[in-house]
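Asks: just to be clear, the model below is a prediction. Sequence and coordinates:
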Amino acid sequence: MNKDSSTFSVEKKQDHRTIAKELDLYILDEQAGQGLPILLPNWVIIRQQISDFLRKKQREFGFQEVITPILGSEYLYKTSGHLDHYQEYMFPEISRNNETFYLRPMTCPHHCLIYQQKPRSYRDLPFRLCENSLLFRYEASGALKGLERPRWFELTDHHIFVSPEQLKEELKKNYLYIAEVLSAFNFPISRLVCALHDPNNSEKYHSDKELWKYSEDILINALNELKLNYVILRGEAAFYGPKLDLEITAADGKNITISTIQLDFILPQKFGLNYIDSEQNLKIPAIIHQSPIGSYQRFIALLLEQTDGKLPFWLAPCQVAILPFNEEKEIKDYCEELVGKLKQSGLRVKIFTKKKLKDRVRQMYQKKIPYYLVIGQEEVEVKKNPNQETKIKLMHTYEGGKVEELTEKELFEFLITFNKSKKENNYE
C-alpha cells in the first residue's frame, strides 16, 4: 500500500502529511500520478520566503545562479556515468526523430557544461554555481512518502569547481555555510555521517584506490579540523566520491538527510574539465556537490514536523487573520481597510468570513495562523475615536490564545516592526 494513503496513529500528530493537509500546502491525486505532488498557493509562499533567504546567503558566499534544462541527452548521461550507475532511479528514455533524452535526475552534468564553455585559469577558482533544480527520480511506489520522498522535487543544488589545493578549505567553508543556513530554522542536527566507499563493491564504485584514499582523507581531515563529531559508514558514498550527510530525526523516528556535501574527482575527468595553473600547466579541478537544505519538498516537510506546523512568523503563509464579528457593512469596510494597510506594509493578511465566529476562531488554531483580530462594533469605534480607551485585541495563537490590547497605531507598529525584525534576523 502507498504510505500516503495510511498514516500510522503513533506518527499522526507530527507527520508532515497531516500538518500539510491542515495548512493546504499540496495535494496528491492519482490522476496526476503516484509520487507527483501538486503544490498549492500556501506552499509557494513558504518556498518563496526560503528561496529569497537562500539567494541572499548564496550571494554572500560567492555563488552565481544559473538555470538549466530539465532534460538531458542520452550522450550527456552516458558521459557522466549516470546511465551506468543510476539508471534504475531514472525515468525511461524519451525518443523522437532519432534523438533520445532523459528527465534529469541530477544537475551536475549541466553545470559541468557551463564550466566547460571557456578556458579557465586558477584565478577563476573556486568557481561556484547554484540552481533551484527541478529533478525527477523514479522511486518505488512503496517508498513514496508525501513530500519527504516524491518522484519530482526542487533541489537547492550547488557545485563548486576547485583546485586540489583549495579543496579542504572549501569543504570547511561549505560546511559553515550550511550550518549558518540551518541555524536560521533552528534545525537540530541528530547525526553527521561521513559516507565512504566499499572497496569490495566494484559495480557501484570506480576502481582508482589511490583516488578514493586521497579524497576520503581530505574529507576526514576537514571534519577533524572543524572538530565535528561524526560517524563513518562504509558503502554509503556516491559512485563518484565520499560525502558528508547532515541528518535530522523525522516524525517516524528515522534519521533522514537534510543537507549534503560530496567530493568528486570523476566527473571532471569524464567531461575533460581543466584549468591553467600558475605555471601554465593544464590541471584537472575537483567538484564539490553541495545542497544546504536538500529539496524544498523534504525541507519543508521536516520543518512542519519540527514546528508542528507553527512556522516562524516570516514563513507563515497567512501571518494575520481578520475575523469580522458580523456582516454589518461598517464592520466589513473597516476589515477591508485594515487588510489593505497591512498588505501595503508587506504582511500576508486574509479576512475569514465563512462559518460561525467560534468555528472561525477554531480555524485559526487548525491552520496555525500566528495572529488574528476579531473586529466588531467596539473596534470600529476605535477607528472613529482614536483617543478613547477601547483598544483592538490581538490574539496570539502560538501562545495559547494570549491577548494583547493595542490602539490601531500600536497594532500596525507592532506587526510591521515584528515582521521586519524577523526577516532581518534571518536575512542578515
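Replies: It's in.
Asks: mind checking which residue lies nearest the centre of the protein?
Replies: The structure's the chain has its C-alpha centroid closest to residue 296; by C-alpha atoms, centre = their mean the separation is 3.1 Å.
Asks: contacts only, for residue 191.
Replies: Neighbouring residues of residue 191 by C-beta atoms under 8 Å, 6 or more residues apart in numbering: 230, 231, 247, 255. (Glycine included, C-beta is placed from N, CA and C.)
Asks: how about 7 Å then?
Replies: Listed by C-beta atoms under 7 Å, 6 or more residues apart in numbering, the contact partners of residue 191 are 231, 247, 255.
Asks: roughly how far apart are it and residue 402?
Replies: 36 Å (C-beta to C-beta, to the nearest Å).
Asks: now swap in residue 121 and tell me
Replies: Distance, residue 121 to residue 402, using C-beta to C-beta: 60 Å.
Asks: got it, and residue 162?
Replies: 51 Å.
Asks: which one's more surrounded, these two?
Replies: residue 162 (21 against 10; other C-beta atoms under 10 Å).
Asks: pretty sure the more buried one contacts residue 286?
Replies: Yes: using C-beta atoms under 7 Å, residue 162 is in contact with residue 286, at 5.5 Å.
Asks: quick one: which of the contacts of residue 191 has the most company?
Replies: Neighbour counts for those, by other C-beta under 10 Å, peak at residue 247, which reaches 18 neighbours.
Asks: what's the separation between that residue and residue 137?
Replies: Separation of residue 247 from residue 137 (C-beta to C-beta): 19 Å.
Asks: just residue 377 next, same as before
Replies: Going from residue 377 to residue 137 by C-beta to C-beta gives 57 Å.
Asks: ok, the two, which is more surrounded?
Replies: A direct count of neighbours by other C-beta under 10 Å for residue 377 and residue 137 places residue 137 higher, at 19 against 12.
Asks: so that one sits against residue 89, correct?
Replies: Yes: Residue 137 is within contact range of residue 89, at 4.7 Å (criterion: C-beta under 7 Å).
Asks: which residues are in contact with both of these two?
Replies: Jointly contacting residue 137 and residue 89 under the rule C-beta under 7 Å, 6+ apart are residue 105.
Asks: what residue ranges in the protein score low on pLDDT?
Replies: Along the chain, the parts satisfying pLDDT under 70 run over 1-13, 205, 207, 382-390, 422-428.
Asks: could you break it into its assigned domains?
Replies: 3-307, 320-427 (automatic domain parsing).
Asks: ranking the ones you listed by mean neighbour count, which comes first?
Replies: domain 3-307 (a mean of 17; mean count of other C-beta atoms under 10 Å).
Asks: show me how far that domain is from its chain's centre.
Replies: Relative to the centre of its chain, domain 3-307 is centred 11 Å away, using C-alpha atoms, centre = their mean, to the nearest Å.
Asks: break down the stretch 201-350 of the chain into its helices, ranges please.
Replies: With DSSP state H, counting those that start in this stretch as the criterion, the stretch 201-350 of the chain has helices at 209-225, 266-270, 296-307, 329-344.
Asks: kindly reformat the ones you listed as TSV containing distance to residue 396.
Replies: Converted to TSV, the helices of the stretch 201-350 of the chain look like this (distance: least, C-beta to C-beta, whole Å):
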stretch	distance to residue 396
helix 209-225	42
helix 266-270	51
helix 296-307	16
helix 329-344	16
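Asks: residue 116 is nearest to which of those helices?
Replies: With C-beta to C-beta as the criterion, residue 116 lies closest to helix 266-270 of the helices of the stretch 201-350 of the chain, at 9.7 Å.
Asks: list the helices and strands the closest one packs on?
Replies: helix 74-80, strand 286-291 (3 or more C-beta pairs under 7 Å, 6 or more residues apart in numbering; DSSP states H and E).
Asks: right, and those - which one's nearest residue 335?
Replies: Among those, strand 286-291 sits nearest to residue 335 (C-beta to C-beta), with 42.9 Å.
Asks: restrict that closest one to CA atoms and write it as PDB.
Replies: Output of strand 286-291 as PDB, limited to C-alpha atoms (Å, rounded to 0.1, in the frame of the first residue of the first chain):
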ATOM      1  CA  ALA A 286      37.700  18.700  -8.300                       C
ATOM      2  CA  ILE A 287      34.000  19.300  -7.800                       C
ATOM      3  CA  ILE A 288      32.100  19.800  -4.500                       C
ATOM      4  CA  HIS A 289      28.500  18.900  -4.800                       C
ATOM      5  CA  GLN A 290      26.500  20.600  -2.100                       C
ATOM      6  CA  SER A 291      23.000  21.300  -1.000                       C
END
